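1. Based on what follows, work out the 3D shape:
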Amino acid sequence: MNKTYLERYLANENTKLIDAMNMIDQNADGVLFVLNEEGKLYGAVSDGDIRRWILGNGVLDTEIKKIMNMSPKYLFEEDRRLARETMERYNVRAIPIVDHSLRVVDMETLKKRKVEETASVNASVIIMAGGQGTRLYPLTKILPKPLIPIGDIPIMERIIHNFCTYGMKDYYITVNYKKNMIKSYFSEQDTEYQLTYVEEDRPLGTAGSIRLIEKKFSDPIFVTNCDILIQADYADIYEYHKKNHNAITIVTSLKNTTIPYGVIHAQEDGQVVGMEEKPCTAYFVNTGMYVIDPALIDLIPADECFHMTDLVEKVLGSGQRVGMYPVSEEAFLDMGEFEEMKRMEERIKQ
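-> Numbers count the residues shown, from 1 in each chain. Below you'll find the predicted structure:
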């Protein structure tokens, strides 16, 4: 393994949590190995460790040494042949190879899980595909937003494929704008999943058309916008929702915002006490993917424009649990604007 590739798995003990999330995204194996000031293996931090810290503590400006596992698995160079067996035994996707000074000299990784090895989820999926996609005009004057290709595959087909990876076969597509084009495209595809179209006579918002679905659901349901891709473990999201007894779980993404100026810190009398050059702040934003309990559908008013954010407010007002499942900034791909669409295409190529 070359040095550049190896560096994708290695972080300093003082690396910030936000930076660690992005590094884990880049190596795609769900883990970073932490080095101390002497450059020796010190610990390991996984995407799950980071997620638990965020949900339990909420502090983003922290160093990974505070949350890492201080007993990481590793192999000496002469034991490299045991790498696959060790990774499978401990259910990890990467393991460092070290010399006898505990300096990381190489890395062994498992390939990404095959589809048949991925946890299966017994859930229906609602895809909100009725909007006009005005932010992508004039492209959406020709094509409805769900059929805009990312690479050579329409965005909605990519969304469905992501869910299918986890065994989900039952899809409800809410349509309005250029609905016949959407239906025609998918009617020509040879699929193993079932599409049911829910037709709006007029725009009903990001939640209003859910009330039109005739099926009575018994299990939690995924709801997603038709212009986003979430690169995360959908089985884990679903299990998190159920385990925490949430009425709604919002999939959230870290969003870093840099102030493009030097910021002045001053006292009340105007005395400057410090300066901060281009500070960065971080927030969790709503990605547009949710898991909802089926009982909430009755809270959606019939034949009214109603958004998922309205439903969240209603649930919060009733005292029910609304949880969030955080993913990194790189794991959230939004096609809503042309610049973001380009980023999505670049990310898909990786």
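
2. Can you tell me the element the closest residue to Ile237 other than its chain neighbours falls in?
-> Nearest residue to Ile237, sequence neighbours excluded (CB to CB, 6 or more residues apart in numbering): Tyr325, at 5.1 Å. Bear in mind the C-beta positions are built from the backbone N, C-alpha and C, glycine included. Secondary structure assignment for Tyr325, by DSSP states H and E: strand 322-327.

3. If we go by neighbour counts, what in that strand is buried?
-> If you call a residue buried by 16 or more other CB atoms under 10 Å, then strand 322-327 has these buried ones: Gly323, Met324, Tyr325, Pro326, Val327.

4. a markdown table for the residues you listed, including pLDDT and distance to Asp79?
-> Shown next, in a markdown table, are those (pLDDT from 0 to 100; distance: CB to CB, whole Å):
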| residue | pLDDT | distance to Asp79 |
| --- | --- | --- |
| Gly323 | 95 | 42 |
| Met324 | 94 | 41 |
| Tyr325 | 94 | 37 |
| Pro326 | 92 | 36 |
| Val327 | 90 | 35 |
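
5. and those as a markdown table, adding distance to Asn176?
-> Output for the buried residues of strand 322-327, formatted as a markdown table (distance: CB to CB, whole Å):
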| residue | distance to Asn176 |
| --- | --- |
| Gly323 | 30 |
| Met324 | 29 |
| Tyr325 | 29 |
| Pro326 | 32 |
| Val327 | 29 |
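
6. among those, which two are most distant?
-> Gly323 and Val327 (13.6 Å; CB to CB).

7. quick one: contacts of the worst-scoring helix or strand of the chain on mean pLDDT?
-> One helix or strand of the chain scores below all others by mean pLDDT, DSSP states H and E: helix 338-349, with a mean of 71. Identification of contacts with helix 338-349 by CB atoms under 8 Å, 6 or more residues apart in numbering yields Leu136, Ile148, Ile150, Gly151, Arg158, Leu229, Gln231, Glu330, Leu333, Asp334, Met335.

8. so of the residues you listed, which ones are in helices?
-> Using DSSP state H, the subset of the contacts of helix 338-349 located in helices is Arg158.

9. now the contacts of helix 338-349 in CSV, with pLDDT, distance to Met344 and neighbour count?
-> Below are those laid out as CSV (pLDDT from 0 to 100; distance: CB to CB, whole Å; neighbours: other CB atoms under 10 Å):
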residue, pLDDT, distance to Met344, neighbour count
Leu136, 72, 12, 19
Ile148, 85, 10, 19
Ile150, 84, 6, 20
Gly151, 82, 9, 11
Arg158, 93, 9, 17
Leu229, 92, 7, 22
Gln231, 88, 10, 15
Glu330, 82, 11, 18
Leu333, 87, 4, 23
Asp334, 85, 7, 19
Met335, 81, 6, 25
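
10. beta partners for the residue nearest to Ile237?
-> Val251 (DSSP bridges).

11. and it, how far is that from Gly30?
-> Per CB to CB, to the nearest Å, Tyr325 is found 15 Å from Gly30.

12. Same question for Asp79.
-> Taking CB to CB, one finds Asp79 at 22 Å from Gly30.

13. what about those two, which has more around it?
-> Gly30 (16 against 12; other CB atoms under 10 Å).

14. Which pLDDT value belongs to that one?
-> With respect to pLDDT, Gly30 scores 84.

15. With the one 10 residues further on instead?
-> pLDDT, the model's per-residue confidence, is 94 for Lys40.

16. Without its sequence neighbours, what residue ends up closest to it?
-> Counting by CB to CB, 6+ apart, the residue nearest Lys40 is Leu102, at 4.4 Å.

17. for that neighbour, phi and psi?
-> Here is the backbone geometry of Leu102 (degrees, to the nearest 10): phi 60, psi 30.
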